[in-house]
Structure formats: structure tokens, C-alpha cells
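[1] Model the following, please.
(2 chains, ligands or ions: 4)
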Amino acid sequence: MFDKKYKQIVILSGKGGTGKTTVATALSEIAEDKIIIDADVDAANMHLVFDYYINSEYDYYGGKKAEINSDRCSQCGICESVCRFDAIKDFKVNRTSCEGCGFCFRICPDSAISFYESKSGVYSECELEDQSKFYFAQLLAGEGNSGKLVSEIKKKANGQAKGKVNWIIVDGPPGIGCPVNASLSGADFVVIVTEPTQSGLHDLKRLINLLKIFKIPSSVIVNKFDINIEMSKSIEEYLKPEGISVLAKIPFDKQFIKAIQNSKSIIEYDHTYGKRFKIIWDDIQKIILN
Amino acid sequence: MVISIASGKGGTGKTTVACGLASVINESVYIDCDVEEPNGHLLLKPGILKEEPSYKLIPKINYESCDFCNKCAEVCEFNALLNLKSEIYLIDELCHSCGACTYFCPQKAITEANKENGKIRIGETSNNILFYDAYLKVGEASAAPLIKKVKNAYKGNKTVIIDSPPGTSCSMLESVKDSDFCVLVTESTPFGFNDLKLAINVLRQIKIPYGIVINKYDENYYLLDEYIQKNKLNLLLKIPFRMDIAESYSKGELLTETIKDYRIMMLELLEKIKTEIVEKEYV
Ligand code: SF4
Ligand code: SF4
Ligand code: SF4
Ligand code: SF4
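    Ligands and ions are numbered 1, 2, ... in the order given. Below you'll find the model as predicted:
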């Protein structure tokens, strides 16, 4: 690994809709000398809250796709028979089904298939008002390989992390699949945002099992803890023997929804939360730097 | 009839609506395609009748014939094979099971073997909903093959409700394609609004008719309503934000059983979907 001075924090939730982006946005605004990455590339949302302007845009190539040149095709049908992804029908490739394995291209007796890098989205390098860098992506509809895109953005961001950068804050994708794995590479700490619901607890457990594999320390924020106090207790009880601390419990408060509706971060919208998130941020720093 | 429920953004209440709908249909089939975080079982509480491992094909090298020519590694587009000269090392999570290495090996030294990539569960609820879900193995890169499997696990003529994973990527596409109708669940925030537009984009491309449910509806956020009106989109239902709904959900209850008017809302939603599908079939 290369020598780095900054720390990478990834904010995850397992299940969507727990308030992960709200927390990530608040922490991002408080942290100083940082780079922010919205790694939820399937449904990027942080840019809806930040004021930013775009410095550069990069095309993202997620993989290759096959295409049949009908002038050369003798319609032998071999390509269709080898494609395991049912992407070829009537001597045409269905772009969204094509996995880009290249089998058809290699086997075609008439060299009628081309196999090319195909654009599956763009990502932007932006600057926020305090001049810190912010990255977010837009995938083309139905495109896969979002893990690779997350890795690419992180690589770009890491390359920019010179001099004064102390933190890279990553708003992670939901789930525990391949884009989450990609968002975790190089991470020093994970903040898990959960909610006291059956599905919140269920997904929290799956996420913590994943983090054990990666051996990355984590801490939990229980959002909307008062919509089900008992469930909140169950979450805390589950975390204790796992050795994972609870950073904060945040009540259900309509201010959060209002803030989002006004396209503002919670600390911008309601200053009492500025203080509370400052404390959370200080605690995170303490845990990491110790 | 196949109805899929999708959302773009996670946490909009997609699973709640999917399970709600399944519960007001006589003899329905519920299929949870969110193989990374399946949650439908928490609400529907099915008795699990069967649990079967799901497999994917991976190459297996026969070292008696392999001469380390490297052809297999060359044809693997996903860099799943590494030629270590004394071994062909497979990173099996990266393998897409395309079969190219097996075919192109000049020594015929590769065969294919099954490797578990997840499991599929089949169950039934006390009110006769047939239930399917699947768990993708942690660390496994491709969700789409398992989604396809769990979707194909049911064969029959009952009404199928498909609970799609969040997002607008290949997993969502795999889940909703071949549906007769797709319900997009959104919420009254710029996040929900933004992701709704992305999801609509996918459905337009694959030409699946759709309608919108606004969950946690808040009339103060008018931008979403405005957009729906202006573009003449099909708004099926508004579900208000209510504390009793949030509480019941947090306990893992099926809302159609605990909250009377939620059941009525789901019945209305079903009627609307039915007319949409019938209309489509007669034009
Ligand atoms: S293998 Fe080549 S020639 Fe044969 S059908 Fe496919 S594209 Fe045409
Ligand atoms: S590249 Fe692979 S997936 Fe795509 S069409 Fe050819 S054989 Fe099928
Ligand atoms: S292509 Fe066949 S013979 Fe060549 S290295 Fe691979 S397994 Fe061995
Ligand atoms: S089956 Fe395809 S993806 Fe898997 S190792 Fe062989 S060539 Fe690579």
C-alpha cells in the first residue's frame, strides 16, 4: 500500500432509507480538509444537497459489449448457441443482457462480431464552497458493474489527496454486494447508520458480518431511535458482545425530512443539529486517531 | 400477471407495498429479488418449506492435461484466472460462468463444476401466499444470475409480485424485466424524486408500463406532484406519512393486517393496476 496521511471513513447502512445520506452529508460538512465521495452510484443523492460546481467530467467504461456486423454475418447461429446470457437473438446483441464475456466474438467463424469498450456512465469531480473536492457519478440506465465505478472514483479521489487532505468521506451504497466491497477498500473506519426496525436490525447483522471479513472497525448511529424504543434496545444489546459502540442515537424529527425537502443538509437547516453532529464527528476522530 | 415493485432509492417503502399487495391478492406469489438484503420474510413471516443451495458453474482444471499454455487466462475477460505456471488459480468471485475458458482450452483440460453462490428459500404464509427469496453469498460479485434463478423458481399462473432491489442498475433491470406492470414507490423528497426519474428512464427503455406510489406523502413538497402532473404520469396512490404506520412497520408487522385503511389502500392500488394491465391487453 502507498503511504497515506489521510483517513478514509465509509458510511454504510445495509438497508436503504435509514438516513445514511443525511448523516454522511452532515459529517462531510463538519469535517475539514476532506474529499467527499458519493459512492451510491446507482442512486447518487448528495449532490442534491451540496452547492458545487463541476470541475471535470469523466466517462466511465464499465466493460465491453459485443456487436454483430450484419454485412459479414453468415447467420450460422454459433454465437447465439454459446452465449450463456441469452444476449443474442436473431443475429443481434441485446446490449443490456450482454455481460461482455467475449465468447461470441472469439468464436465467430466470419469475424463478424466486434467487441468494444462501452460507455456506461459519467462521474464528476466537483468543488464545494470550501474548495474541497466532491465526486459523484451517474450511471446510464440499467448498467451494471457499479463496483468497478466505485473503485475508479476512489482511485481518482485518492490521487487528488495531497497535502492538506485529512479525510476521505465516502457515502457508501446500500446492500452488502460488490459496490459495497469496492467502497470498503482502503477504509479505516465505517460508520453504520441503522434504524430500529426489524429489517434495519436484520441488515445491520449482515453488514457487520461483512465488516468482520474485511477487519474494519466500525461504530453505529441509531437513527429515529424513538420510533421503536424496544427495538433500539435490541440493537444495542446485539452490538455489545460484538464490541461495537453506539456513537449516537438520533430521535425521529420532521426537521430531517424538511431539510431534505429544502435541499439542505440538516446542520444547515437546523443549527441545533450542527452541535450534535459536531460531537459525533469529534467522537469518530477520537476513535480513529487512537 | 406479473407485477414488479421498484423504487430507485432504497427505504422508500417498496417492500412494505410489495408485501401489502401480495397479502390482498387471493393466492398470490411473492418473490423477493433483493438478494443482497431480502426483507420480505420479516413482514410476511412465511413458514419455510424448502431451502436449496444455488450454484454457479466455475472452471476446474485437470492438471494431468494442462500444459500452462495460458490460453484460458487470455480469453477470460474478467481476469478470474491467473496462470502461476504450477497452478491455474481461479478467483471464483470474479468468474461470470461464461464458459469461454473451457471451450478454448486446447488440451481440453477444463471441466466445469458447481460452486454455491447463494441459497433460495421457498415457503408459504398462513394466508396462502407462496413465498420465494434468495440470499447472495457475501463477497459474490454478480447478483443477476441468482435473481434470475429465484424469479424462475416459480412456474405457474398465479399473480406474481416481484420485490426488486433498490437502484437502477442491472439487478433492478433483471428483476423487473418481463413484468406486465411495474409500481414505482417514491417519497416526497428531492432524493426520492431524483431517483424516481432514473427508474422511469429504465422502464421507458425496456417498455414496461408503470405507475407511481408516493409513500410518506407530504403535500408541502409540491415539486414531485407538479412533475407528475406536467408529464401526465400515472399516479396510483399517495400514502400519507403517519406515526402509526411507522411504528407498525418497525415491529415487522404486515400493515394490511394491523392498519385498516392501509388494507383499503392496497386493494385500491390492486384495482388500478388491474385496469392498467387489462387496458394494455386490449389495445
Ligand atoms: S457466429 Fe458470427 S457468423 Fe455466426 S451467427 Fe454469429 S455473428 Fe453471424
Ligand atoms: S460478449 Fe458474451 S454475453 Fe455478450 S453477447 Fe457475446 S457471448 Fe453473449
Ligand atoms: S488453456 Fe487449458 S492447457 Fe492452457 S493453461 Fe489453461 S487449462 Fe491449461
Ligand atoms: S468461465 Fe468465463 S469468467 Fe469464468 S473463468 Fe472461465 S472465462 Fe473466466
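[2] Which residue is the nearest non-sequential neighbour of residue B:143?
    residue B:171 (4.7 Å; CB to CB, 6 or more residues apart in numbering or on different chains). (Each C-beta comes from the backbone N, C-alpha and C, glycine too.)
[3] what residue ranges in chain B score low on pLDDT?
    Counting by pLDDT under 70, the ranges of chain B that qualify are B:280-283.
[4] can you map out the strands along it?
    Ranges of strands in chain B, per DSSP state E, are B:2-6, B:29-32, B:47-61, B:81-83, B:88-90, B:110-124, B:130-136, B:160-163, B:181-187, B:210-217, B:235-240.
[5] As JSON lines, those with mean neighbour count and distance to ligand 4 would be great.
    What follows is the strands of chain B, written out as JSON lines (neighbours: other CB atoms under 10 Å in any protein chain shown; distance: least, CB to the nearest ligand atom, whole Å):
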{"stretch": "strand B:2-6", "mean neighbour count": "26", "distance to ligand 4": "28"}
{"stretch": "strand B:29-32", "mean neighbour count": "26", "distance to ligand 4": "27"}
{"stretch": "strand B:47-61", "mean neighbour count": "15", "distance to ligand 4": "5"}
{"stretch": "strand B:81-83", "mean neighbour count": "17", "distance to ligand 4": "5"}
{"stretch": "strand B:88-90", "mean neighbour count": "18", "distance to ligand 4": "6"}
{"stretch": "strand B:110-124", "mean neighbour count": "17", "distance to ligand 4": "8"}
{"stretch": "strand B:130-136", "mean neighbour count": "24", "distance to ligand 4": "17"}
{"stretch": "strand B:160-163", "mean neighbour count": "26", "distance to ligand 4": "28"}
{"stretch": "strand B:181-187", "mean neighbour count": "27", "distance to ligand 4": "31"}
{"stretch": "strand B:210-217", "mean neighbour count": "22", "distance to ligand 4": "34"}
{"stretch": "strand B:235-240", "mean neighbour count": "18", "distance to ligand 4": "41"}
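[6] Near ligand 4, which residues of chain B are found?
    Contact residues, chain B versus ligand 4 (CB under 6 Å from any ligand atom): B:59, B:75-76, B:78, B:80-81, B:95-101.
[7] ok, back up a step: report how many residues lie close to the residue nearest to residue B:143.
    Residues near residue B:171, counting by other CB atoms under 10 Å in any protein chain shown, number 28.
[8] Next: residue B:203.
    Using other CB under 10 Å, residue B:203 is surrounded by 24 other residues.
[9] Please list the residues of chain A that sit near ligand 1.
    Checking chain A against ligand 1 by CB under 6 Å from any ligand atom, the hits are A:68, A:73-79, A:91, A:108, A:110, A:112-113.
[10] Make JSON lines out of those residues and add distance to residue A:55 and neighbour count.
    Formatted as JSON lines, the residues of chain A next to ligand 1 follow (distance: CB to CB, whole Å; neighbours: other CB atoms under 10 Å in any protein chain shown):
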{"residue": "A:68", "distance to residue A:55": "39", "neighbour count": "22"}
{"residue": "A:73", "distance to residue A:55": "44", "neighbour count": "17"}
{"residue": "A:74", "distance to residue A:55": "50", "neighbour count": "11"}
{"residue": "A:75", "distance to residue A:55": "49", "neighbour count": "13"}
{"residue": "A:76", "distance to residue A:55": "50", "neighbour count": "13"}
{"residue": "A:77", "distance to residue A:55": "49", "neighbour count": "11"}
{"residue": "A:78", "distance to residue A:55": "48", "neighbour count": "15"}
{"residue": "A:79", "distance to residue A:55": "43", "neighbour count": "25"}
{"residue": "A:91", "distance to residue A:55": "44", "neighbour count": "15"}
{"residue": "A:108", "distance to residue A:55": "43", "neighbour count": "22"}
{"residue": "A:110", "distance to residue A:55": "46", "neighbour count": "15"}
{"residue": "A:112", "distance to residue A:55": "42", "neighbour count": "20"}
{"residue": "A:113", "distance to residue A:55": "38", "neighbour count": "21"}
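[11] Please list the residues outside the longest helix belonging to chain A that contact it.
    Scanning chain A for the helix with the most residues, using DSSP state H, yields helix A:271-289. Applying CB atoms under 8 Å, 6 or more residues apart in numbering or on different chains, the external contacts of helix A:271-289 come out as A:7, A:9, A:23, A:26-27, A:30-31, A:188-189, A:191, A:217, A:219, A:221, A:245, A:247-248, A:250, A:255, A:266-267.
[12] Is stretch B:76-85 in proximity to ligand 2?
    No: Stretch B:76-85 stays clear of ligand 2 (CB under 6 Å from any ligand atom), getting no nearer than 7.8 Å.
[13] State the distance spanning the first to the last residue of that stretch.
    Using CA to CA, to the nearest Å, the end-to-end distance of stretch B:76-85 comes to 17 Å.
[14] do stretch B:93-108 as well
    Using CA to CA, the two ends of stretch B:93-108 sit 23 Å apart.
[15] before we move on, what about stretch A:212-231?
    Using CA to CA, one end of stretch A:212-231 lies 23 Å from the other.
[16] Which residues belonging to that stretch are considered buried?
    Buried residues in stretch A:212-231, counted by 16 or more other CB atoms under 10 Å in any protein chain shown: A:216, A:218-225, A:227-228, A:231.
[17] was I right about residue B:133 contacting residue B:37?
    No: with contact defined as CB atoms under 8 Å, residue B:133 does not reach residue B:37; the gap is 10.5 Å.
[18] after the strand or helix carrying residue A:207 comes which helix or strand?
    Assessed by DSSP states H and E, residue A:207 sits inside helix A:198-214. Going down the chain from helix A:198-214, the next helix or strand is strand A:218-223, by DSSP H and E.
[19] any idea of the mean pLDDT in that next one?
    Mean pLDDT, computed over strand A:218-223, is 96.
[20] Now look at that strand and say if it contacts chain B.
    No: residues of strand A:218-223 are not located near chain B by CB under 8 Å from any CB of the partner chain, the shortest gap being 10.7 Å.
[21] Please name the strands paired to that strand in the sheet, noting orientation.
    Neighbouring strands of strand A:218-223 in its sheet, by DSSP bridges, are strand A:189-194 (parallel), strand A:245-250 (parallel).
[22] what's the most buried one of those strands?
    Per-stretch averages of neighbours, counted by mean count of other CB atoms under 10 Å in any protein chain shown, single out strand A:189-194 among these, with a mean of 25.
[23] any idea of the pLDDT on the residue nearest to residue A:236 when sequence neighbours are not counted?
    Excluding the flanking residues, the one nearest residue A:236 by CB to CB, 6+ apart is residue A:246, at 5.9 Å. For residue A:246, the pLDDT comes out at 95.
[24] Residue A:246 reaches residue A:225, doesn't it?
    No: taking CB under 8 Å as the definition, residue A:246 is not a contact partner of residue A:225, at 9.3 Å.
[25] what's the spacing between the residue nearest to residue B:25 when sequence neighbours are not counted and residue A:65?
    Closest residue in space to residue B:25, ignoring its immediate chain neighbours: residue B:159 at 5.2 Å, by CB to CB, 6+ apart. As judged by CB to CB, to the nearest Å, residue B:159 and residue A:65 stand 35 Å apart.
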